[in-house]
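kindly generate the corresponding structure for this input.
(chains A and B)
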Number of protein chains: 2
Amino acid sequence: MSKILFGKQILFAFLFTSFFSNRAQNADSLQLRKLYDYYLSQSRCYSNLEYLCKKIGGRISGSHEAEQAVKWAKQAMYAAGADTVILQPCMVPHWVRGKKEVCNYSIQGKLKSVSCVALGSSVGTGAKGLKAKVVEVKSFEELERLGEKEVKGKIVFYNVFFEQKHVRTGQAYGEAVKYRGRGASIAAKYGAIAVLVRSMTSVADDEPHTGNMNYDTSISKTKIPALAIGFTSADNLLKDLNQNKNLEVYLETHCETLPDVLSYNVIGQINGTEKPNEFIITGGHLDSWDNGEGAHDDGAGIVQSIEVLAAFKSLGILPKHSIRAVAFMNEENGLAGGKVYAKDAKLKGEKHLAALETDAGGYTPRGFGVDTTNGLYTKVLSWKHLFTPYYVDRISEGGGGADISELDKAGVPCIGFEPDTQRYFDIHHTAADTFDKINKRELEMGAGGIGALLYLIDMYY
Amino acid sequence: MSKILFGKQILFAFLFTSFFSNRAQNADSLQLRKLYDYYLSQSRCYSNLEYLCKKIGGRISGSHEAEQAVKWAKQAMYAAGADTVILQPCMVPHWVRGKKEVCNYSIQGKLKSVSCVALGSSVGTGAKGLKAKVVEVKSFEELERLGEKEVKGKIVFYNVFFEQKHVRTGQAYGEAVKYRGRGASIAAKYGAIAVLVRSMTSVADDEPHTGNMNYDTSISKTKIPALAIGFTSADNLLKDLNQNKNLEVYLETHCETLPDVLSYNVIGQINGTEKPNEFIITGGHLDSWDNGEGAHDDGAGIVQSIEVLAAFKSLGILPKHSIRAVAFMNEENGLAGGKVYAKDAKLKGEKHLAALETDAGGYTPRGFGVDTTNGLYTKVLSWKHLFTPYYVDRISEGGGGADISELDKAGVPCIGFEPDTQRYFDIHHTAADTFDKINKRELEMGAGGIGALLYLIDMYY
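So this is what the prediction gives:
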């Protein structure tokens, strides 16, 4: 009898659990549907991004535009319904491009202009420019083989293509970007006087792609100018070099690094009702390169993050934990904002349950990369079916983003929002990263996925 | 002992099967990787589509451009490596737009121009045009309630919006398109003299979207002109109607239907090595609306289908069954090509193992909708893991396309290729469906998915 009772108890417990877990799942489905209804019909992502791109525009750290962006983000977060908005001070580098760059050469009596852009953090040539022969290399190994004998006094041209066979364009970028990052110092080691880099791009147009570079003084103490050139310009230069190895390229860049400037992360917060001192954050970076409008990189991530606050407020969702939208400053050339945020969090003993970064463009969503730390990956995977109707159910292990990398190191489980990547590197870091490249529904579908994930983390993690 | 032997036999059989099934799976993975390598680095999808869009352009059935497209497709299929190319005759309607449409009205002494386009198959107003008051309705039910008393002698304006809350934009289209299709006949029943339809669009611009309409003589014998107007023009008209219910809209369209014309489906074939009389086909439609370049609709599907032949030839894949790329004629306003293909297949007793249609744009792939007929869905689902690395692993039940709908009815298991849909209805049937809206990698990733699926069907189904 007792055995039977025991059996019945199990059955009852099972039915009880199953009843409530089904109810919870149905409730979650309904709540997600409500969230998406909001995102697809009422959200202000798109109009917010239009303002950021069109009224403020490119906003490199230390610039007047970055300062305007800070003010705008504060106002936009309050408008979204933040209980409080914190301006978190951080000192940022102040690199300026100066006058438009010049790159050209003469061949068969004709002056050919090369589409170019100085790399971020690069020194300039100054007004008198520089002129030298060009040595093309396809790898650091090739450069090393050539050595000082072939390189000294010349311009090194890193002619490295994106590997188009990769399904994820980020992988091609990851492989090629080292030439942009360390190329100048390694070339300087062999006596080069400047470097040109084939643009890091998946499309064969002539838009030059900037991006940050670093001088590694452990490799070379000499800082030489570094520029990216457009894909078709690189093709043309190569063709002309094959005709005339001795052609001389003229370079003129006016960029310089001024003293650091005080700037801010902008943090919009909805206070948690149960655990206000535990935080779930979503962020992107507020700064962008100066040549475009920072639409996909990363205005999209900023407005998607702000929209989480608006969605929660609009639907009357009262989160248990405090929810933050963080507009990080200085991702592009220093990560000052991300470092300060993590340091402050540690100092204040703020417990971060999870940190999400959206910095891969405002494209149609695919899913999330999720850290396995503290069981977050397993948890998010258990919600996969809830994301399936919204096409954002590709849950992979490991994720994050540059701005939250310091939190990651401190043990916070991190998440990277992963939109489709096919178009990202067509316009990444170019003058073409403008608002017209944003599709409203794609932006909103991504924002919806982020809002839904934060909702579930707050409820169940 | 015999029991143990039996156990060993099972174990052996299991190991044997598992060994060979693992080997087969690895071989499949490798073959798919080779296919994608081809598609992402060597395929001619993109340059083929450029030719079709830029050198031929919009190619409505019966037009000179459609005729050129037939010639081009034949040549492109041979260039791709088809063993044979068949021109399959079909009679197609020959509707012509004529001179640019006019739609305008005066309010407060100002002439306002309305962005408009005649619907396909519509009669024209002729050179003298027509002028009448406008009655706005949001549904057929509302029109019915108003009845002849309110409608007679007027222009009916179907002011129906896309439901933005749908995740799949096709669902919104499916709900709204009936006003374009049957709106004229239903309005004519109540004595309307013309209809305007708010463009079927997911974006709030002023590009008017055409598309086919039909006169249903069982509803009304009277054929009245039908036009689509741009989204913002529709907004403006509404605002002005609210100010002045009596404003009169002037319409002038010059479209007419000429006698049917002889045209062709173009069928490129690689002969099967084992079962040449069994066919696996992939197709799209060669005709397009006249106002754009038919880039996403459906040049993309045409070049993706042709590329299957090129990929197989290039990699030396010798299919067991005959593989066909079918460029169907007249999907947009009649389906003549699809009907003739199915009828001929029946007449000739051609067994079709599977038919795939790609007619949802050249966007980044998501997966396939697959018929459950003859176990095809289950089979494709068993390959899901092979598609996962290529982001085309969303396998849903039920699929196909307009061109293969007659094959579907005849019992052929059908498949619809499903790219991401967020951007499709921004430009669908507009002057903006042009080559510059195509992203090379997205187009190729989709083509790769189609090639991979046909390869697996040929091998294992």
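
without its sequence neighbours, what residue ends up closest to residue A:82?
Nearest residue to residue A:82 in three dimensions, chain neighbours excluded: residue A:268, at 3.7 Å (C-beta to C-beta, 6 or more residues apart in numbering or on different chains). For the C-beta atoms, the positions are set from N, CA and C on the backbone; glycine is no exception.

pretty sure residue A:311 belongs to a helix, no?
Yes - Residue A:311 forms part of a helix when assessed by DSSP: H, G, I helix; E, B strand; the rest coil.

report how many residues lie close to it.
27 (other C-beta atoms under 10 Å in any protein chain shown).

same question, residue A:99
11.

quick one, phi psi at residue A:242?
phi -70, psi -30 (degrees, to the nearest 10).

repeat that for residue A:122.
phi -70, psi 150.

how far away is it from chain B?
29 Å (C-beta to the nearest C-beta, to the nearest Å).

from what I can see that residue touches residue A:214, true?
No - in this structure, residue A:122 is not within contact of residue A:214 by C-beta atoms under 8 Å, at 9.9 Å.

between the two, which is the more surrounded one?
residue A:122 (29 against 17).

list the residues that contact the more buried one.
Shown in contact with residue A:122 (C-beta atoms under 8 Å, 6 or more residues apart in numbering or on different chains): A:184, A:213, A:225-227, A:253, A:255.

what pLDDT does it get?
On pLDDT, residue A:122 comes in at 98.

how much space is there between it and residue B:155?
Plainly put, residue A:122 is 63 Å away from residue B:155 if you go by C-beta to C-beta, to the nearest Å.

show me where chain A has its helices.
Listed in chain order, the helices found in chain A under DSSP state H are A:2-41, A:45-51, A:64-80, A:140-151, A:169-189, A:231-243, A:300-315, A:336-347, A:376-382, A:384-387, A:405-409, A:424-427, A:440-460.

which of the ones you listed sits most buried?
With neighbours taken as mean count of other C-beta atoms under 10 Å in any protein chain shown, these reach their highest mean count in helix A:300-315, at a mean of 28.

so the strand ranked longest in chain A versus helix A:336-347, what angle?
Counting by DSSP state E, the longest strand found in chain A is strand A:256-270. Between strand A:256-270 and helix A:336-347, the angle comes out at 50 degrees (axes from the mean of the first three to the mean of the last three C-alpha atoms, to 10 degrees).

which secondary structure elements does strand A:256-270 contact?
helix A:64-80, strand A:84-96, helix A:300-315, strand A:321-328, helix A:336-347 (3 or more C-beta pairs under 8 Å, 6 or more residues apart in numbering or on different chains; DSSP states H and E).

and that strand, what's its mean pLDDT?
On average, strand A:256-270 scores 98.

then stretch A:331-339?
98.

what's across from the residue nearest to residue A:82 in the sheet?
residue A:85, residue A:325 (DSSP bridges).

name all residues that make contact with it.
So residue A:268 contacts A:73-74, A:77-78, A:80, A:82, A:84-85, A:306, A:309, A:324-327 (C-beta under 8 Å, 6+ apart).

nearest residue to the closest residue to chain B within the stretch 201-350 of chain A in space, please, no chain neighbours.
For the stretch 201-350 of chain A, the residue closest to chain B is residue A:202, as judged by C-beta to the nearest C-beta, at 6.1 Å. With C-beta to C-beta, 6+ apart as the measure, residue A:425 is the residue that lies nearest to residue A:202, at 4.4 Å, once sequence neighbours are left out.

the one you found touches residue A:201, doesn't it?
Yes - at 5.7 Å, residue A:425 counts as touching residue A:201 under the criterion of C-beta under 8 Å.

contact residues of the stretch 101-250 of chain A facing chain B?
Counting by C-beta under 8 Å from any C-beta of the partner chain, the residues of the stretch 101-250 of chain A close to chain B are A:164-167, A:169, A:202-203.

how about the residues you listed, which pair is most distant?
In terms of C-beta to C-beta, these reach their longest pairwise distance at A:167 and A:203, which sit 16.3 Å apart.

what about the closest residue to residue A:423 other than its chain neighbours, how many residues nearby?
Once flanking residues are discounted, residue A:423 sits nearest to residue B:439: 5.3 Å by C-beta to C-beta, 6+ apart. A count of nearby residues for residue B:439, using other C-beta under 10 Å, gives 19.

and residue B:439, how far from residue A:424?
From residue B:439 to residue A:424 the distance is 11 Å (C-beta to C-beta).

coming back round to it: look up how far residue A:84 lies from the residue nearest to residue A:202.
Counting by C-beta to C-beta, the gap from residue A:425 to residue A:84 is 37 Å.

separation between residue A:173 and chain B?
13 Å.

got a pLDDT number for that residue?
Model confidence at residue A:173 (pLDDT) stands at 97.

so it touches residue A:425, yeah?
Yes - counting by C-beta under 8 Å, residue A:425 is a contact partner of residue A:173 at 5.8 Å.

and for these two, which residues touch both?
In contact with both residue A:173 and residue A:425: A:162, A:200, using C-beta under 8 Å, 6+ apart.

mind putting the helices of chain A in CSV, distance to residue B:54 included?
Below are these laid out as CSV (distance: least, C-beta to C-beta, whole Å):
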stretch, distance to residue B:54
helix A:2-41, 35
helix A:45-51, 31
helix A:64-80, 38
helix A:140-151, 39
helix A:169-189, 26
helix A:231-243, 18
helix A:300-315, 31
helix A:336-347, 46
helix A:376-382, 45
helix A:384-387, 40
helix A:405-409, 45
helix A:424-427, 20
helix A:440-460, 26
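
burial count for the residue lying closest to residue A:133 once chain neighbours are set aside?
Distance criterion C-beta to C-beta, 6+ apart; nearest residue to residue A:133, sequence neighbours excluded, is residue A:154 at 4.9 Å. Other residues near residue A:154 come to 21 when the count uses other C-beta under 10 Å.
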